[in-house]
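Trainee: with the input below, show me the fold.
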Amino acid sequence: MFDDIRPYRDDEVPSVIKKLVNEPKLQSSIASIKLPKTHKICPPLARFIVQVYLKRKSKKIKNIDTIQQEVAKYLYHLIDTSSTHFSYNGIENIDQSKPALFISNHRDIVLDAALINIALFQSNLTTVEAAVGDNLLNQEWVSDLMRLNKSFIVKRSEKTKRAMLNASKNLSSYIHHTLTESKQNIWIAQKEGRAKDGIDKTNSALISMLLLNKSKTVSIADYLKQLNIIPVAISYEFDPCDRHKAIELAAKEATGEYEKSENEDFDSITRGLVGKKGQIHIEFGQPLSGEFEDSKAIAKAIDEQIISHYKLYESNQKAYEIIKDSEENLDQPNPLSSRMEQLTAAQKKWLLTMYANPVFAKEALSHT
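Mentor: Down below sits the predicted model:
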């Protein structure tokens, strides 16, 4: 059941691990990061060294739980080396006797769900199964890695409307089944793709997908109780991918399009993981409850919690002041100055705008 999208089970781990250890593309990817000089001079030697390392490490891995423990060690190291402070709040809003569907803003391809997992792990709560779009899984080994670490696949590449509808129905059923039958926490981003412009807005189509599995005899309020949706706000002082996002947004503004390079998604994943992020804060909101007219009303309620709980940093406030004051001040000294070096005026404007938009969002929410 759900075999084409679900995470791997414990009994599948040994065979998948063996396949990954012997995967040349995975070996090359690791070697390019860990052994860049050797990989450039002699790729076969670099791949061999990585393969030997992976074989040794894989002997410790027996099931999904041991994989999660290894991933946690790596994440703790990443937090220590790429951030100045990591904090979270609102754990008391989580009913430990009932699995939750965490819906958060989406700034980083991998780290958003990983940080929520760290907060849950440190609080002795069950980690999440994380949704990942099949657009990021264009290579089988990437899909295998994600599914080993409790990720399930969101199909976005179906060719026809009927196929997309069927995939959405299957995903809706899987999420409900996982929450109510498997008793497993789930994370999904509030919309497809990262909020590159800093505007955190839930796509009502996501909520419509979640409701596809609801029978006509069940009210929206009762079905929401079953899903137990908890909005989560993730705040980064600095976005390691901000320059590249700004370049993309400026290109789209100027020409209407932007063409990704072949390895751009993988480069963004790497940059997001190891790049400097300053302070990071996660705030868990209150479970959604009450009567809602439709998916748009539910999305609005999620947005209100995410915006209100978003933590603003000096990087946000200064960017807001510059953007609100005058575009002529793009080059005045601010916490983002070093990140804007060698960018065009249009690119600088977009970089500042992505940091300023959370302040504009809070301002707009306070006036409603």
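Trainee: part of a helix, is Glu304?
Mentor: Yes: assessed by DSSP: H, G, I helix; E, B strand; the rest coil, Glu304 belongs to a helix.
Trainee: where in this structure is the helix or strand with the lowest mean pLDDT?
Mentor: Using mean pLDDT, DSSP states H and E, the weakest-scoring helix or strand in the chain turns out to be helix 264-274, at a mean of 82.
Trainee: dump that helix to PDB, restricted to CA.
Mentor: C-alpha atoms of helix 264-274 as PDB (Å, rounded to 0.1, in the frame of the first residue of the first chain):
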ATOM      1  CA  GLU A 264      21.300  23.900  -9.200                       C
ATOM      2  CA  ASP A 265      18.900  22.100  -6.900                       C
ATOM      3  CA  PHE A 266      21.800  20.000  -5.500                       C
ATOM      4  CA  ASP A 267      24.000  23.100  -5.100                       C
ATOM      5  CA  SER A 268      21.100  24.800  -3.300                       C
ATOM      6  CA  ILE A 269      20.700  21.900  -0.900                       C
ATOM      7  CA  THR A 270      24.400  21.900  -0.100                       C
ATOM      8  CA  ARG A 271      24.600  25.700   0.300                       C
ATOM      9  CA  GLY A 272      21.500  25.700   2.500                       C
ATOM     10  CA  LEU A 273      23.000  23.000   4.800                       C
ATOM     11  CA  VAL A 274      26.500  24.300   5.300                       C
END
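Trainee: list the contacts of that helix.
Mentor: 29, 33, 78, 81-82, 108-111, 135-136, 240-241, 244, 261 (Cβ atoms under 8 Å, 6 or more residues apart in numbering). To be clear about C-beta, it is placed using only N, CA and C from the backbone, and glycine gets the same treatment.
Trainee: which pair in those residues spans the largest distance?
Mentor: Thr81 and Asn135 (28.7 Å; Cβ to Cβ).
Trainee: thinking again about what came up before, hmm, which of the contacts of helix 264-274 are the buried ones?
Mentor: Applying 16 or more other Cβ atoms under 10 Å to those, the neighbour count classes 29, 78, 82, 108-111, 136, 240-241, 244 as buried.
Trainee: identify the residues contacting Glu283.
Mentor: So Glu283 contacts 88-90, 232-233, 235, 309-311 (Cβ under 8 Å, 6+ apart).
Trainee: looks to me like it is in a strand.
Mentor: Yes: under three-state DSSP, Glu283 falls within a strand.
Trainee: can you pull up the bridge partners for it?
Mentor: Bridge pairing for Glu283 (DSSP bridges) gives the partners Asn89, Ala233.
Trainee: any idea how far it is from Tyr74?
Mentor: Distance of Glu283 to Tyr74, given as Cβ to Cβ, to the nearest Å: 24 Å.
Trainee: Ser104 too?
Mentor: 21 Å.
Trainee: pick out whichever of those two has more residues nearby.
Mentor: Counted by other Cβ atoms under 10 Å, Ser104 and Tyr74 do not tie: Ser104 has more neighbours, with 26 against 11.
Trainee: quick check: closest non-adjacent residue to that one.
Mentor: Val232 (3.8 Å; Cβ to Cβ, 6 or more residues apart in numbering).
Trainee: so the one you found touches Gly285, yeah?
Mentor: Yes: between Val232 and Gly285 there is a contact under Cβ atoms under 8 Å: 6.5 Å.
Trainee: from the contacts of Glu283, keep the buried residues only.
Mentor: For the contacts of Glu283, a burial check counting by 16+ other Cβ under 10 Å picks out 88, 90, 232-233, 235, 309-311.
Trainee: between which two of those residues is the distance greatest?
Mentor: By the measure Cβ to Cβ, Tyr88 and Tyr310 form the most distant pair in those, at 13.5 Å.
Trainee: check the closest residue to Ser58 other than its chain neighbours and give its pLDDT.
Mentor: Among residues not flanking Ser58 along the chain, Ile17 sits closest, at 5.0 Å (Cβ to Cβ, 6+ apart). Per-residue pLDDT puts Ile17 at 93.
Trainee: next: Phe121.
Mentor: 92.
Trainee: just confirm it contacts Thr127, I think it does.
Mentor: Yes: at 5.8 Å, Phe121 and Thr127 qualify as touching, with contact defined as Cβ under 8 Å.
Trainee: tell me which residues are up against the top helix by length along the chain.
Mentor: Across the chain, the longest stretch assigned as helix under DSSP state H is helix 345-366. Here helix 345-366 makes contact (Cβ under 8 Å, 6+ apart) with 196-200, 235, 239, 242-243, 245-247, 249-250, 253-254, 304, 307-308, 310, 312, 315-320, 322-324, 327, 330-331, 336, 339-340, 343.
Trainee: now the least confident helix or strand of the chain: buried residues?
Mentor: Neighbour count says helix 264-274 has 265-266, 268-273 buried, by 16+ other Cβ under 10 Å.
Trainee: separation between Glu92 and Phe284?
Mentor: 8 Å.
Trainee: the two: who's more crowded?
Mentor: Phe284 (25 against 8).
Trainee: correct me if wrong: that one contacts Asn93.
Mentor: Yes: when contacts are counted by Cβ under 8 Å, Phe284 is listed as touching Asn93 (5.2 Å).
Trainee: anything in contact with each of the two?
Mentor: Ile230.
Trainee: so Lys281 sits right up against Ser235, yeah?
Mentor: In this structure residue 281 is His, not Lys. Yes: His281 lies in contact with Ser235 (Cβ under 8 Å); the separation is 4.6 Å.
Trainee: list residues touching both of these two?
Mentor: With Cβ under 8 Å, 6+ apart as the test, His281 and Ser235 both reach Lys311.
Trainee: buried sites along the helix or strand containing Gln317?
Mentor: Assigned by DSSP states H and E, Gln317 belongs to helix 314-325. Across helix 314-325, burial judged by 16+ other Cβ under 10 Å covers 315-320, 322-323.
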